[in-house]
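Participant: model the following, please.
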Amino acid sequence: MHFYSNGKLLLTGEYLVLDGAKSLAIPTKFGQDLAVIPIKESQLIWGSFTVEGNCWFEAVFELPKLRLISATFESDKEENAEIIAETLLEILLEAKKMNPNFLNADGGFLVKTTLTFPRKWGLGSSSTLINSIASWAKVDAFRLLWNSFKGSGYDIACAQHNSPIFYQLIAQKPIVTPVYFNPVFQENLFFVFLNQKQNSKEGIVKFRERQQDFSNEISRISAISELFLKSKSLENFNELIIEHEQIISTIINLKPVKEKVFPDYFGEIKSLGAWGGDFVLATGNESTPNYFKNKGFETVFNYDKIIL
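Facilitator: The predicted structure follows:
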């Protein structure tokens with residue numbers, strides 16, 4: 001069995017997508033594959049592989065109780081094998097709670113997950129995994145996400161769709177609308193990786209701590225999302241980026257990334273998702289990649305090279 005889930009980028013909405021803002025999200029050409037092979041042993045043997053084909057995490061669980069037997073982890077980061085294994089176990093146990101027949105079989109399973117992008121990029125290594133496990137377990141991926149973690153679910157929607165979408169939570173139900181987003185100025189759009197992965201779970205917790213009424217901001221961000229889609233000129237698109245950045249900046253009390261890091265850049269820059277890392281959207285021209293590379297940011301994609 002094979003399951004594949006698309007990565008994601010959130011163009012508009014940021015944290016306000018959690019509170020019902022209509023947000024524009026786009027699935028990426030990068031994602032994660034999950035392969036399941038039945039085996040005779042009553043074990044779940046799990047291997048996670050990088051885009052280069054290296055095994056960075058391995059765990060063995062005893063079936064049917066899903067008891068962790070061993071876990072190994074190779075990384076230069078501060079994470080450890082047990083924490084990752086416990087997170088995976090939490091997802092699997094929740095999936096089994098939702099579908100008691102999941103993982104019930106004579107024998108066990110060999111599972112191999114393979115990312116088609118570097119883990120540090122923040123394109124959805126967790127959401128693609130949750131979506132693929134949900135497909136394997138035949139359970140609702142949004143419910144699996146919300147029962148296991150926090151989050152709006154837009155990344156799950158991207159994992160399941162092959163075109164840009166509007167995503168909105170209405171009465172805690174995900175409303176997903178496929179849309180056509182193919183701007184005439186797409187050759188002027190670039191995605192730049194800021195060399196650090198943001199922890200979206202921490203960002204969500206901090207946002208929730210504010211407990212303010214953002215209904216006016218939600219209405220305006222929803223309108224900007226619609227205008228993003230309708231924009232016919234780069235000049236207008238830049239104006240929308242500036243307004244969007246100012247709204248989110250005021251809410252989360254952080255400086256926009258252009259003001260903070262790239263004040264001399266000639267185009268506009270918009271943070272995506274959790275501010276402070278991952279990818280940004282930059283408007284510019286053929287000299288844009290060199291501008292960022294000269295500042296030490298080597299990963300720069302033209303719009304059509306990353307968007308599905």
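
Participant: quick check, residue 213 in a strand?
Facilitator: No. According to DSSP: H, G, I helix; E, B strand; the rest coil, the state of residue 213 is coil, so it is not within a strand.

Participant: list the contacts of it.
Facilitator: The contact partners of residue 213, by Cβ atoms under 8 Å, 6 or more residues apart in numbering, come to none. Every C-beta, even on glycine, is put in place using the N, C-alpha and C of the backbone.

Participant: ok, now the one 4 residues further on?
Facilitator: By Cβ under 8 Å, 6+ apart, residue 217 lies in contact with 16, 21, 247, 251.

Participant: swap in residue 8?
Facilitator: So residue 8 contacts 25, 26, 27, 28, 123, 124, 127, 154, 155, 158, 159 (Cβ under 8 Å, 6+ apart).

Participant: stretch 172-182: how far from the chain's middle?
Facilitator: 16 Å (Cα atoms, centre = their mean, to the nearest Å).

Participant: for that stretch, what is the average pLDDT?
Facilitator: Mean pLDDT, stretch 172-182: 96.

Participant: mind listing what's buried along it?
Facilitator: Neighbour-count burial for stretch 172-182 flags 174, 176, 179, 181 (criterion: 16 or more other Cβ atoms under 10 Å).

Participant: show me the helices in the chain, by range?
Facilitator: If DSSP state H is used as the criterion, the helices of the chain fall at 81-98, 125-137, 141-148, 154-160, 200-210, 215-230, 234-252, 257-261, 288-294, 303-306.

Participant: winner for burial among those helices?
Facilitator: helix 154-160 (a mean of 27; mean count of other Cβ atoms under 10 Å).

Participant: can you give me the end-to-end distance of stretch 100-109?
Facilitator: Taking Cα to Cα, to the nearest Å, stretch 100-109 runs 16 Å from one end to the other.

Participant: can you point out the buried residues in it?
Facilitator: 102, 103, 108, 109.

Participant: so which of the residues you listed belong to strands?
Facilitator: 108, 109 (DSSP state E).

Participant: which non-adjacent residue is nearest residue 212?
Facilitator: residue 251 (8.0 Å; Cβ to Cβ, 6 or more residues apart in numbering).

Participant: do residue 126 as well
Facilitator: Leaving aside its sequence neighbours, residue 126 sits nearest to residue 149 (Cβ to Cβ, 6+ apart; 7.4 Å).

Participant: how many other residues sit next to that neighbour?
Facilitator: 17 (other Cβ atoms under 10 Å).

Participant: ok, now how distant is it from residue 231?
Facilitator: For residue 149, the distance to residue 231 (Cβ to Cβ, to the nearest Å) stands at 33 Å.

Participant: show me where pLDDT drops low in the stretch 1-150 of the chain?
Facilitator: For the stretch 1-150 of the chain, the stretches with pLDDT under 70 are 75-79.

Participant: show me where the stretch 151-300 of the chain dips below the pLDDT cut-off.
Facilitator: 197-211, 276-277.

Participant: could you give the separation of the longest strand belonging to the chain from the chain centroid?
Facilitator: Among the segments of the chain that qualify as a strand by DSSP E, the longest is strand 23-39. Between the centre of strand 23-39 and the centre of its chain there are 11 Å (Cα atoms, centre = their mean).

Participant: so which elements touch it?
Facilitator: strand 2-10, strand 108-115, helix 125-137, helix 154-160, strand 165-170, helix 215-230, helix 303-306 (3 or more Cβ pairs under 8 Å, 6 or more residues apart in numbering; DSSP states H and E).

Participant: could you export the ones you listed as CSV, including distance to residue 88?
Facilitator: Converted to CSV, the helices and strands packed on strand 23-39 look like this (distance: least, Cβ to Cβ, whole Å):
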stretch, distance to residue 88
strand 2-10, 15
strand 108-115, 10
helix 125-137, 8
helix 154-160, 17
strand 165-170, 26
helix 215-230, 34
helix 303-306, 27
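
Participant: of all the ones you listed, which one is nearest residue 47?
Facilitator: strand 108-115 (5.1 Å; Cβ to Cβ).

Participant: my guess is residue 111 meets residue 39, correct?
Facilitator: No. Using Cβ atoms under 8 Å as the test, residue 111 is too far from residue 39 to be in contact (10.1 Å).

Participant: any common contacting residues for the two?
Facilitator: With Cβ under 8 Å, 6+ apart as the test, residue 111 and residue 39 both reach residue 45.

Participant: the two: who's more crowded?
Facilitator: residue 111 (22 against 13).

Participant: what's across from the nearest residue to the more buried one once chain neighbours are set aside in the sheet?
Facilitator: The shortest distance from residue 111 to any non-neighbouring residue, by Cβ to Cβ, 6+ apart, is to residue 46 (4.9 Å). Beta-bridge pairing for residue 46 (DSSP bridges): residue 59, residue 111.
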